[in-house]
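*Asks:* 3D model of this:
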Amino acid sequence: MSELPSPRRTSPAIGRGRRSTGHTRSFQIGDLTGTLTSSAADSGGSAGFDLRVGTHGSTLAGLTDALATATSLALQHGAPLLAVTEQWQQTWFVPNGPTDDPDIPRTTSLADYLARRLTLDHLTASSATAASPSRSDRR
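*Replies:* Residues are numbered from 1 along each chain as shown. Down below sits the predicted model:
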């Protein structure tokens, strides 16, 4: 019987490549607290991100880790960050509402918050304005 590999603790994107820049931000959406670590490759494209929310071992923590891993792999294989963030904006589910982020005072979901935060941190002004505004901005 072969031994199973140990589970990965971080997204495969973080720490890849020779040089990258990034941001680590703590955030709160309603009662949910989390940490988003995103990195940009030295070529200018997004290398990926790592997302930690909820209690270790919880369904929410597992799903957000899977989301971060899948998205990071897509970005590493050429998916444009703008295409990803456009799909997440305006999604509506709990947790939503007020945040502690002065750049994004309200959000419609965790996915909406991530899309808007990644857009602000990693997309140029011209590509960021191409992204559609969230529902919370239109209220």
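*Asks:* what about the strands in the chain?
*Replies:* Taking DSSP state E, the strands of the chain run over residues 20-29, 32-41, 46-53, 97-101, 104-107.
*Asks:* by contact count, what packs against the third one?
*Replies:* Of the remaining helices and strands, those touching strand 46-53 by 3 or more C-beta pairs under 8 Å, 6 or more residues apart in numbering; DSSP states H and E are strand 32-41, helix 59-76, helix 110-122. Any C-beta I mention is one placed from the backbone N, CA and C, and that applies to glycine too.
*Asks:* Can you tell me which of the ones you listed is most buried?
*Replies:* helix 110-122 (a mean of 23; mean count of other C-beta atoms under 10 Å).
*Asks:* what's next to that one, contact-wise?
*Replies:* 23, 25, 27, 29, 32, 34, 36, 38, 40, 46, 49, 51, 53, 64, 67, 81-82, 84-93, 95-96, 99, 101, 103-104, 107, 128, 131, 134-136 (C-beta atoms under 8 Å, 6 or more residues apart in numbering).
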